[in-house]
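Undergrad: Test case, fold it:
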Amino acid sequence: MNRIAANPIPYWSRAGKTREVFDAAFRDFQEIGFTAVKADVPEDMGPAEYLDWIGGYGLAPSLSLFNSAFDETVDMAEEVERAKRFAATQTALGLDRTMISSMSVPARIAQPAVGAGFDAGRLARAIDNCGAICRVLQTEGLRPLHHSHVGGVFETADEIIRLLDDLGPDVIGFGPDTGHLTWAGVDPAAFIARYADRIGGIHIKDCFPDLLAPSARSGMAYHEVQATKRLWAEPGLGVVDFDAVLAAIPDDYDGDFMIEVDEPSVASKLESHRISYHWAQHAVAARVG
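TA: Reported below is the predicted structural model:
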């Protein structure tokens, strides 16, 4: 059964993933009506305690995200052990899949969404490293789904295609982010259609048109663009064609629809998520139970 889930990223992106921060987010989500939330277990809490805790807000865990640079800056032996620990936590929560994403290349944080500082050797190494981590996650019981993200080594359409095609469907699935694809100049509906047989999760994110053209954000770094509140939009308020996105998702899709607005465009996080949830109720009404 598909669910409308929430990622509390605007709550913790500056304040950190503490119990107090999550408590504020979960109270808002409970008030709005969300029933699922991205599974981020605080370091001082085990999976069983976490399940009981979020259950008190009427929430259940939804797929999380494993991040790595995947390039020459990482120690792969350490990454393998981190992936094993991550998988153990996620499977203990009853989850069978995870997003997997690359972030962040300094040149691409400084000059986002244009493939800055491309290096063929780095890309090849990152694909190999990502494949190794995907196989570890699979062995530990999690299906890895590539999650597009501006600022990482797999930022542009060509890089994402190279990753997915080189590794193949037996190694990595697809978990698109409609906003990050749009910011990188990729049509999310067309990309989803291309890899529809591999989709296992999706982040629903919209974009305003103001800063999508590189010339409109010249000299601005990733976080500066985001802080303008004219990049990310609540779903339905921006330029992403969600009718086409939803039409591209196959009828047998069994993942959640996770709302993610990294920087709300409205005054409060509560109002941002209320707008997003009400939009999702209507937009994906035929897909959720």
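
Undergrad: Leaving out sequence neighbours, find the closest residue to Ala88.
TA: Glu140 (6.7 Å; Cβ to Cβ, 6 or more residues apart in numbering). For the C-beta atoms, the positions are set from N, CA and C on the backbone; glycine is no exception.

Undergrad: doesn't Arg82 make contact with that neighbour?
TA: No - Glu140 is beyond contact range of Arg82, at 11.5 Å (criterion: Cβ atoms under 8 Å).

Undergrad: Where does pLDDT dip in the stretch 151-289 of the chain?
TA: With pLDDT under 70 as the threshold, the stretch 151-289 of the chain has low-confidence stretches at 289.

Undergrad: Which stretches in this protein count as strands?
TA: 4-6, 36-38, 60-62, 65-68, 97-102, 143-146, 173-174, 202-204, 206-207, 232-233, 257-259 (DSSP state E).

Undergrad: So what touches the first one?
TA: If you take Cβ atoms under 8 Å, 6 or more residues apart in numbering as the criterion, strand 4-6 is touched by 25, 29, 34-38, 62, 256-260, 273, 276-277, 280-281, 284, 288.

Undergrad: Could you list the paired strands of it along with their orientation?
TA: strand 36-38 (parallel), strand 257-259 (parallel) (DSSP bridges).

Undergrad: Please convert these to CSV, extending it with mean neighbour count.
TA: Formatted as CSV, these follow (neighbours: other Cβ atoms under 10 Å):
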stretch, mean neighbour count
strand 36-38, 21
strand 257-259, 24
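
Undergrad: buried stuff in stretch 63-73?
TA: Leu63, Ser64, Leu65, Phe66, Asn67, Ser68, Ala69, Phe70, Asp71 (16 or more other Cβ atoms under 10 Å).

Undergrad: Ends of it, what's the gap?
TA: 26 Å (Cα to Cα, to the nearest Å).

Undergrad: From the chain's centroid, how far away is it?
TA: 12 Å (Cα atoms, centre = their mean, to the nearest Å).

Undergrad: Report the mean per-residue pLDDT for that stretch.
TA: Looking at stretch 63-73 alone, the average pLDDT works out to 96.

Undergrad: Show me the helices in this protein, by range?
TA: Per DSSP state H, the chain carries helices over the ranges 9-15, 19-32, 47-55, 76-92, 106-110, 120-139, 157-167, 178-183, 188-194, 222-227, 242-248, 269-283.

Undergrad: from the middle of its chain, how far away would the fourth one be?
TA: Here the centre of helix 76-92 is set off from its chain's centre by 18 Å, with Cα atoms, centre = their mean.

Undergrad: do the same with the second one
TA: Average the C-alpha atoms of helix 19-32, do the same for its chain, and the two points are 20 Å apart (Cα atoms, centre = their mean).

Undergrad: ditto for the longest one
TA: What separates the centre of helix 120-139 from the centre of its chain is 18 Å, taken as Cα atoms, centre = their mean.

Undergrad: Would you mark the buried spots in it?
TA: Those would be 122-123, 125-127, 129-137, for helix 120-139 by 16+ other Cβ under 10 Å.

Undergrad: repeat for the shortest one
TA: Residues of helix 106-110 classed as buried by neighbour count (16+ other Cβ under 10 Å): Arg108, Ile109.

Undergrad: Repeat that for the second one.
TA: Counting neighbours by 16+ other Cβ under 10 Å, one finds that the buried residues in helix 19-32 are Val21, Phe22, Ala24, Ala25, Phe26, Asp28, Phe29, Ile32.

Undergrad: same deal with the last one?
TA: Of all the residues in helix 269-283, those buried under the rule 16+ other Cβ under 10 Å are Lys269, Leu270, Ser272, His273, Arg274, Ile275, Ser276, Tyr277, Trp279, Ala280, Ala283.

Undergrad: Skipping adjacent residues, who's closest to the fifth one in space?
TA: Spatial nearest neighbour of Arg274, excluding adjacent residues (Cβ to Cβ, 6+ apart): Ile32 at 5.2 Å.

Undergrad: Show me the beta-bridge partners of the residue nearest to Thr182 when sequence neighbours are not counted.
TA: Nearest residue to Thr182 in three dimensions, chain neighbours excluded: Cys207, at 4.8 Å (Cβ to Cβ, 6+ apart). Following DSSP bridges, Cys207 is listed with bridge partners Trp232.
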